[in-house]
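Kindly generate the corresponding structure for this input.
(2 chains)
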Amino acid sequence: MPGKPKFYLTTPIYYTNGLPHIGHTYTTVVADTIRRYKRMRGYEVVMTTGTDEHGVNVERAAKKAGIPESEFVAKMAAEWRALWEELGLGADEFVRTTDLPHVRTVQWLFRLCRENGYVYKGNYTGQYCIYDNAFVNDAKPGDNCPDCGRPTETITEENYFFKLSAFQRPLLDFYKKNPDFIQPESRRNEIVSFVEGGLKDLSITRTTIRWGIPVPGEEPHVFYVWFDALTAYLSAVGGPEFEKRGMWPADLHLVGKDIIRFHTVYWPAFLMAAMLPVPKQVWAHGWFLMDATKMSKSKGNVVLPRPIANMLGMDALRYFLLREVVFGQDGNFSYDALVTRYNSDLANGLGNLASRTAALIEKNFGGKIPKATECKPQDEALAKEVQAAIGEVLENYENLSFARALEAIWGVVASADKYLTTEQPWALGNSEKDQARKATVLWNAAELLRIVTVLAHPVLPASTAKVWTLLGLPGSVASVELDGLQWGQPAPGKQLGPAQPLFPRVDKNEAIERIEAMANEELNPAPPAKPAVSATPAGAAAAPQTAPEKIGIDDFAKVEMRVGQIKTAERIVGADKLLKLTVDIGTEIRQICAGIAQYYDPEKLIGRKVAVVVNLAPRKLRGVESNGMIIAAAVGPEGRPVLAGFPDEDVEVGARLK
RNA sequence: GCCGGCGUAGCUCAGUGGCAGAGCGAGGGUCUCAUAAUCCCUAGGCCGUGGGUUCGAUUCCCCCCGCCGGCACCA
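Next up is the predicted model:
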């Protein structure tokens, strides 16, 4: 017996540095929609999600909470899993990176890479961003992380390296042979040019971190978080015994655009090194922006899924996320747009159509779907339109063009409204001819509604199930096979189920207020009685800035800062951010580079007195020697530099700051 | 600085070498089966600016302006 075709897809293994927000929800909604769609197309589908639980962040958060790491992450994982279940997004496999089978898979993958000669031991010194769990290439001590803007830390350690450099050619060949591997295409081009620019070997173990998967026989080495987390996709479906289950290689990794490189460069390289099959496709979607800026905790514009689901229903959120933007691009999120879509598309559109159709059948035929006995040109036109829409919708689902698929479905909904308005079944009398016409029109309306229900089911699982029941149809809508879907299948005579409100219309302002109030409550829970337990995951997430380590006066005395006066300033060709300055520090005139070109005009700086670190080792930036450092505050999320200065009182050039 | 994308009706966006489109919002009208829903009509928009190719460009090419993304870079 030939088995069903298989389809394996994943969301990222989310890092547990807070609770899921709309961004995580978006990825998972997409994954869930694809899963439902593929099942309706006859596939055996496995969808994996999970929690990434290792690393310095977790170590610190647990310490802060005063509980062991294992306890901390268990709590986190439980919360994530529970929320996904609550939202109807529970995956088939939920991997925790602390699960034993996963630990074994990571160790096994490492062994394979090593046996094949792609692992060696070396020393690494670099700047590390503990929040992003990544070394920042070429960053200097004191630099901020280019991604998140937080300070980096200098880390030197002996560790194992992965010969990523050996995979430049194989990866480029692979991208060429599999042009659809990276989607959308714009991302693919970016990655190709990144890889063409050369790949450096990658450090994949750490000795400075305790909370991680141990490298067998090489303690205290633990695995680098990405080597660990990416492997979860494989451990979810069998790990070393992946062949038994037959789900690997994955058909689709869904990721946010911020982590595409890990999935399209590192991950396939690891697998190639281990001689394992490489996933078939990685899809990078965009972000939902709030007022066109990236959502972030520090800006206080985090959108949570639960309040929306409570107010409008999870289907409404799913619909909005998939309908509002072209998949792959960034989009704007606003409660206003959400509620507007809800009222116009769901309440006035689909909800109202279901309601009026059911009411007409109820009143005219006692709730029994009548039999169509005629086929006028307008009836045939309607059927043809629906038939065409079926093809269009399926094609768009297949390409993950959710917005277009939904657009096509809603085009059919509009046609149904128009059809009913034109045919006016309520105005027909009781003559035999009128009865036949009435029956035909209502049968057509019901049939259209059935097809719409099937087509919309992957996106609106809960509400389409309600319509299915309303139409008195057998089985569940989820079990309908999309490949056989066509106009004219159901037998008449079905008794309608009880009418249910699908999408009750809401007052926009009131709805927004209620959602915001619920979100507020979730983000800022009333302080618990005992502060000792306040360091819950949510609390840890809300405090991304860890207190810096304390230093003694002696340490501070090592830094020699003096008042300097800028003598000349010019831009450096080929560098957006750098200015070349000459600065009088009393004893001499120094050349210093400063990354402030985007915010300060060179001409206006001349004569200005600034604070300068004068005993910093010289280094070259963009080929220009820099002999010291100008002190500036980093303001706002983008770290805009604001020069430290002495505006109120005049100071002597060369005076020491202490 | 290098590479790429974008700039079309109030908003979100489609689109094609030859009379400029959709959805939403707004205004007017209509029906009453329906969730004050539906349906019909209404936006006269220099299709970013300036050139070029062409019988003809919003659509092809070049410059410029603005916005965005990737890389580099940010002591």
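
how far away is residue A:109 from RNA strand B?
In this view, residue A:109 and RNA strand B are 25 Å apart by C-beta to the nearest atom of the strand, to the nearest Å. Quick note: C-beta positions are derived from backbone N, CA and C, even for glycine.

likewise residue A:215?
Distance, residue A:215 to RNA strand B, using C-beta to the nearest atom of the strand: 27 Å.

pretty sure that residue contacts residue A:222?
Yes. Checked against C-beta atoms under 8 Å, the pair residue A:215 and residue A:222 is within contact range at 6.6 Å.

Give me the common contacts of the two.
Residues touching both residue A:215 and residue A:222 (C-beta atoms under 8 Å, 6 or more residues apart in numbering): residue A:205.

buried stuff in the top helix by length along chain A?
Criterion DSSP state H: the longest helix present in chain A is helix A:432-456. Buried residues in helix A:432-456, counted by 16 or more other C-beta atoms under 10 Å: A:435-456.

now do stretch A:82-99
A:83-84, A:87, A:89-91, A:93-99.

Would you mind listing the two of these that lie farthest apart?
A:87 and A:98 (23.5 Å; C-beta to C-beta).

Residue A:164 contacts residue A:203, correct?
No. In this structure residue A:164 lies outside contact range of residue A:203 using C-beta under 8 Å: 9.9 Å.

touching RNA strand B at all, the host helix or strand of residue A:356?
Using DSSP states H and E, residue A:356 maps to helix A:352-365. Yes. Figure legend: helix A:352-365 in contact with RNA strand B (C-beta under 7 Å from any atom of the strand); contacting residues A:352, A:354, A:355, A:356, A:359, A:360, A:363.

Could I have the buried ones of those residues as PyMOL selection syntax?
Typed into PyMOL, the line below selects the buried ones among the residues of helix A:352-365 next to RNA strand B, using 16+ other C-beta under 10 Å:
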select buried, chain A and resi 352+354+355+360
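
CA atoms only for stretch A:483-490 - export them in PDB, please.
Extracted C-alpha coordinates of stretch A:483-490, given in PDB (Å, rounded to 0.1, in the frame of the first residue of the first chain):
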ATOM      1  CA  ASP A 483      -7.800  17.700  -4.700                       C
ATOM      2  CA  GLY A 484     -11.400  16.500  -5.300                       C
ATOM      3  CA  LEU A 485     -13.100  19.700  -4.400                       C
ATOM      4  CA  GLN A 486     -15.500  20.900  -7.000                       C
ATOM      5  CA  TRP A 487     -18.900  22.600  -7.600                       C
ATOM      6  CA  GLY A 488     -22.000  20.500  -7.300                       C
ATOM      7  CA  GLN A 489     -21.000  17.700  -4.900                       C
ATOM      8  CA  PRO A 490     -23.300  17.700  -1.900                       C
END
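
Relative to the whole chain's centre, how far out is it?
Remark: stretch A:483-490 is offset 36 Å from the chain centroid, using C-alpha atoms, centre = their mean, to the nearest Å.

which residues sit against it?
Outside stretch A:483-490, the residues touching it (C-beta under 8 Å, 6+ apart) are A:41-42, A:369, A:383, A:386-387, A:390, A:446-447, A:450-451, A:454-455, A:473.

of all those residues, which comes closest to RNA strand B?
Among the contacts of stretch A:483-490, residue A:446 lies closest to RNA strand B (C-beta to the nearest atom of the strand), at 12.5 Å.

how about the closest one, what does it touch?
A:357, A:361, A:369, A:471, A:490.

and it, what pLDDT?
Looking at residue A:446, its pLDDT is 94.

do residue A:604 as well
Listed pLDDT for residue A:604 reads 71.

cool, and residue A:70?
pLDDT at residue A:70 comes out at 93.

next one: residue A:623
Reported pLDDT for residue A:623: 61.

With the one 10 residues further on instead?
At residue A:633, the pLDDT value in this model is 74.

any bit of the next helix or strand after the helix holding residue A:356 sitting next to RNA strand B?
Using DSSP H and E, the next helix or strand after helix A:352-365 towards the C-terminus is helix A:377-398. No. Judged by C-beta under 7 Å from any atom of the strand, helix A:377-398 and RNA strand B are separated, with a smallest distance of 12.5 Å.

what does stretch A:116-128 give?
No. Applying C-beta under 7 Å from any atom of the strand, one finds stretch A:116-128 out of contact with RNA strand B, separated by at least 9.0 Å.

would you put the C-alpha positions of stretch A:43-62 in PDB?
The C-alpha trace of stretch A:43-62 is given here as PDB (Å, rounded to 0.1, in the frame of the first residue of the first chain):
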ATOM      1  CA  TYR A  43       0.000  14.700   3.100                       C
ATOM      2  CA  GLU A  44       1.200  13.100   6.300                       C
ATOM      3  CA  VAL A  45       2.400  16.200   8.000                       C
ATOM      4  CA  VAL A  46       4.700  16.800  10.900                       C
ATOM      5  CA  MET A  47       5.100  20.300  12.300                       C
ATOM      6  CA  THR A  48       7.800  21.000  14.800                       C
ATOM      7  CA  THR A  49       8.300  23.900  17.200                       C
ATOM      8  CA  GLY A  50      10.100  24.100  20.500                       C
ATOM      9  CA  THR A  51      12.200  26.100  22.900                       C
ATOM     10  CA  ASP A  52      15.800  26.900  22.800                       C
ATOM     11  CA  GLU A  53      16.900  26.700  26.500                       C
ATOM     12  CA  HIS A  54      20.700  27.000  26.700                       C
ATOM     13  CA  GLY A  55      23.100  29.800  26.900                       C
ATOM     14  CA  VAL A  56      24.300  32.600  29.100                       C
ATOM     15  CA  ASN A  57      21.000  34.500  29.100                       C
ATOM     16  CA  VAL A  58      19.200  31.600  30.600                       C
ATOM     17  CA  GLU A  59      22.000  31.000  33.000                       C
ATOM     18  CA  ARG A  60      21.700  34.600  34.200                       C
ATOM     19  CA  ALA A  61      18.000  34.700  34.300                       C
ATOM     20  CA  ALA A  62      17.900  31.600  36.400                       C
END
